[in-house]
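A.B. asks: Return a 3D structure for these sequence lines:
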Amino acid sequence: MRTIRNTGRGTLLTCLAAMMAVWVSTVAFGQGLERLTRWEEGRSMRVGSNEWNPNDPFDRNNNLDRPDRIEPGETYVMADLKGPGVITHIWLTFLQEPHFWVTDGAANPQEMLLRIYWDGRDKPDVEVPVGDFFANCFGRQMEVKSVPVVVEDADSYNCFWQMPFRKSARIEIVNQSKKPIRKLYNNVDWVKKKSLSENTMYFCAQYNQQYPTRSGEDYLVLDAKGRGYYVGTVLAVRTRSPSWFGEGDEKIYIDGEKRPSIRGTGTEDYFLSAWGLKENSTPYFGVPYLNQGGDSRIIGQMTCSYRWHVQDPLVFNKSIRVTFETFGWMSPDENKEHEEHSWNPREDDYSSVAFWYQMGPTKKFTTVPPAEERKLPSIDRLVVWGREALETGRLGPGYIRLEKGRRYLESDGQVRLRPRDVKDGWIEYTFEVEEKEPLRLLVEATRSPDAGIYQVTLNGVAIGRPIDLYRPTTDLWEFHLMDFWPEPGKYTLRLRCTGKNKKSDGYVIGVNSVRLRERRPRVKGFGYDEDKDWRKKQVIYD
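C.D. replies: As a prediction, this is how the structure comes out:
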């Protein structure tokens, strides 16, 4: 493994960079201003990726302020500091796909592992994928506006957690992707100190995951030994069953107790929301990402949430154990009661980051898996890419093209058809089912201002109501159509234009994929709907 060192120089700053984040909250802003009125010994410093030729201010290399490529397997050292001191701000940015400067791919933030070592320790006290550390889960880009973490425009990553160290601090980014990290600009701002008080604690953060969770078992966020403060949680959930996943409570055990003295009233309540979760970003809690508009009927709903205990740290003297129950609603075909109710042991995909301060080194309670294993496993039994219609020619006449972009990275482009009129608006796909098992049929299509209304048929049978693809702004949407047990054999799915929304500018259709998504094994085990005929009556569970 090759290690790349950051060669930036320490420079005197005019103010503490940590004060830049406090605009997000009147309360936090007042606290930040109050700190500025009290003198504290220290000297502000910075180490970064900047390049500078002091002998020639016109040297064009002065603008090459980043390592251009960090190859797979390489480790980049962002900072190697000598203490005592306090890191007050970390900023970084890098290119992500698609970008015209990226011709051979680029690592995503889930594939980049952040490690921070305090005082020369052998093991890092911070070990988290870069994206998750900044409350950007699933390798996706999200905007976050909070006190300790700010991600501006989903690509400028800022951290304002205070990170003291006595002897040394080493910050690394390990490229665990199969692709290079491209153009990693970065700065680390810190204050050089003469000494730190004896009760100064170290900043710690640890990633964990379970794909999927075990039925009836609590999910573990943190298991720490020592004395300290628990200060934050990032939680990502991808559902594998329809219905709301988050009826489970947080259960927090302090100092070795057998029964948790801190227990909540539901997952969304821990994240300071109510009656479910919705996208938002506030100083101390938020949901930067929630796909499908928070529609809990879908299988594969993805939620990223954060909760900062800045004003209300959880104090522990010997140990702390932070867990979440994994209970929630469940459709009738998936539980033994054969009825919908709110308290079922679910099996969804969880990942998390725990943030805390503590005295002394951390206890290792988990191992961060490699990047390939951090990627969510596919829950689709079969995928037919929309672009296949270009190869088969099974689509109506009109203006046809392969549309690429950030929305279509997984598929490498969707097919887009602008038919001349309603009768020319159709696209058809064929696929084969090998085994009779419970599946969900869905179409992933683009909603746009010029899209039409399309009826889905499967082997000539209309499935549900026509789909209105009109939307004032463009997005990619999963239309979940039916839960069924298809017999083995060949199937033809057709989307046929039936008109357009009165607000739409056309009859356009863009198809990214057709999918058969798996249901949990217990659905097959119970087999309630195995003999139902989907041709006579369609069912979709929510």
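
A.B. asks: from here on, contacts and neighbour counts on C-alpha atoms
C.D. replies: OK.

A.B. asks: At which residues are the strands of the stretch 351-500 of the chain located?
C.D. replies: Taking DSSP state E, counting those that start in this stretch as the criterion, the stretch 351-500 of the chain contains strands spanning 380-385, 398-403, 414-419, 426-433, 439-447, 453-458, 461-462, 467-468, 475-484, 489-499.

A.B. asks: what does the stretch 201-350 of the chain give?
C.D. replies: Using DSSP E, counting those that start in this stretch, strands in the stretch 201-350 of the chain cover 202-210, 219-225, 228-238, 250-254, 262-263, 280-281, 285-290, 302-308, 314-316, 319-324, 327-330, 341-345, 349-358.

A.B. asks: would you list those in CSV and tack on distance to P521 and mean neighbour count?
C.D. replies: Output for these, formatted as CSV (distance: least, C-alpha to C-alpha, whole Å; neighbours: other C-alpha atoms under 10 Å):
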stretch, distance to P521, mean neighbour count
strand 202-210, 17, 22
strand 219-225, 20, 23
strand 228-238, 17, 24
strand 250-254, 27, 22
strand 262-263, 31, 14
strand 280-281, 34, 18
strand 285-290, 26, 24
strand 302-308, 20, 23
strand 314-316, 39, 18
strand 319-324, 23, 21
strand 327-330, 14, 23
strand 341-345, 13, 18
strand 349-358, 15, 24
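
A.B. asks: picking that back up, let me know which of the strands of the stretch 351-500 of the chain is the nearest to D529.
C.D. replies: Set against D529 and scored by C-alpha to C-alpha, those come closest in strand 475-484, at 7.5 Å.

A.B. asks: Could you check how far the closest one is from the centre of its chain?
C.D. replies: Centre-to-centre, strand 475-484 and its host chain are 21 Å apart (C-alpha atoms, centre = their mean, to the nearest Å).

A.B. asks: Does anything pack onto that strand? Which helices or strands?
C.D. replies: Contacts defined by 3 or more C-alpha pairs under 8 Å, 6 or more residues apart in numbering; DSSP states H and E place strand 475-484 against strand 439-447.

A.B. asks: quick one: contacts of the strand it packs on?
C.D. replies: Residues from elsewhere that reach strand 439-447, judged by C-alpha atoms under 8 Å, 6 or more residues apart in numbering: 469-471, 473-486, 509-519.

A.B. asks: Also compute the angle for that strand relative to strand 489-499, please.
C.D. replies: On the basis of axes from the mean of the first three to the mean of the last three C-alpha atoms, to 10 degrees, strand 439-447 is oriented at 30 degrees to strand 489-499.

A.B. asks: who does strand 439-447 pair up with?
C.D. replies: Paired neighbours of strand 439-447 in the sheet (DSSP bridges): strand 475-484 (antiparallel), strand 509-518 (antiparallel).

A.B. asks: Compute the inter-axis angle for the last one and strand 426-433.
C.D. replies: Okay, so that is strand 509-518. Here strand 509-518 runs at an angle of 20 degrees relative to strand 426-433 (the same axes, to 10 degrees).

A.B. asks: Can you tell me which of the strands paired with strand 439-447 is most buried?
C.D. replies: Across those, averaging neighbours per residue (mean count of other C-alpha atoms under 10 Å) puts strand 509-518 on top, at a mean of 24.

A.B. asks: Beyond it, next helix or strand please.
C.D. replies: Counting by DSSP states H and E, the next helix or strand C-terminal to strand 509-518 is helix 521-526.

A.B. asks: in that following helix, what's buried?
C.D. replies: Across helix 521-526, burial judged by 16 or more other C-alpha atoms under 10 Å covers V523, K524.

A.B. asks: That helix - what's its average pLDDT?
C.D. replies: On average, the pLDDT along helix 521-526 is 97.

A.B. asks: helices or strands up against that helix?
C.D. replies: On a contact count with 3+ C-alpha pairs under 8 Å, 6+ apart, helix 521-526 meets no helix or strand.

A.B. asks: and of the strands paired with strand 439-447, who's closest to T323?
C.D. replies: strand 509-518 (27.7 Å).

A.B. asks: What is the distance between that closest one and the centre of its chain?
C.D. replies: So, by C-alpha atoms, centre = their mean, the centroid of strand 509-518 is 22 Å from its chain's centroid.

A.B. asks: Rounded mean pLDDT for it, please.
C.D. replies: 98.

A.B. asks: Name the surrounding residues that touch it.
C.D. replies: Residues outside strand 509-518 that contact it (C-alpha under 8 Å, 6+ apart): 299, 379-387, 408, 411, 413-418, 425, 438-447, 451-452, 469.

A.B. asks: Next: stretch 115-122.
C.D. replies: With contacts defined as C-alpha under 8 Å, 6+ apart, stretch 115-122 is touched by 123-128, 165-174, 202.

A.B. asks: circling back: with distance to E34 as new columns, can the strands of the stretch 201-350 of the chain be given to me in JSON lines?
C.D. replies: Putting the strands of the stretch 201-350 of the chain into JSON lines (distance: least, C-alpha to C-alpha, whole Å) gives the following:
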{"stretch": "strand 202-210", "distance to E34": "23"}
{"stretch": "strand 219-225", "distance to E34": "33"}
{"stretch": "strand 228-238", "distance to E34": "21"}
{"stretch": "strand 250-254", "distance to E34": "32"}
{"stretch": "strand 262-263", "distance to E34": "32"}
{"stretch": "strand 280-281", "distance to E34": "25"}
{"stretch": "strand 285-290", "distance to E34": "23"}
{"stretch": "strand 302-308", "distance to E34": "21"}
{"stretch": "strand 314-316", "distance to E34": "24"}
{"stretch": "strand 319-324", "distance to E34": "32"}
{"stretch": "strand 327-330", "distance to E34": "44"}
{"stretch": "strand 341-345", "distance to E34": "47"}
{"stretch": "strand 349-358", "distance to E34": "23"}
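
A.B. asks: and the nearest residue to F133 once chain neighbours are set aside, how far is that from V443?
C.D. replies: On the basis of C-alpha to C-alpha, 6 or more residues apart in numbering, the spatially nearest residue to F133 that is not a chain neighbour turns out to be V353, at 6.9 Å. V353 sits 33 Å away from V443, going by C-alpha to C-alpha, to the nearest Å.

A.B. asks: Spit out the contact partners of the spatially most central residue of the chain.
C.D. replies: Nearest residue to the geometric centre of the chain (C-alpha atoms, centre = their mean): C137, 1.8 Å. Contacts of C137 were listed using C-alpha under 8 Å, 6+ apart, and they are Q110, G131, A236, C304.

A.B. asks: ok, R407 - how many residues close by?
C.D. replies: As a burial measure, R407 scores 16 neighbours (other C-alpha atoms under 10 Å).

A.B. asks: hang on, I meant V368
C.D. replies: Look at V368: counted by other C-alpha under 10 Å, it has 15 neighbours.

A.B. asks: quick one: pLDDT of it?
C.D. replies: 98.

A.B. asks: State the phi and psi torsions of it.
C.D. replies: Torsion angles at V368 (phi, psi; degrees, to the nearest 10) stand at phi -70, psi 120.

A.B. asks: Next: R259.
C.D. replies: Per-residue torsions, R259: phi -110, psi 130 (degrees, to the nearest 10).
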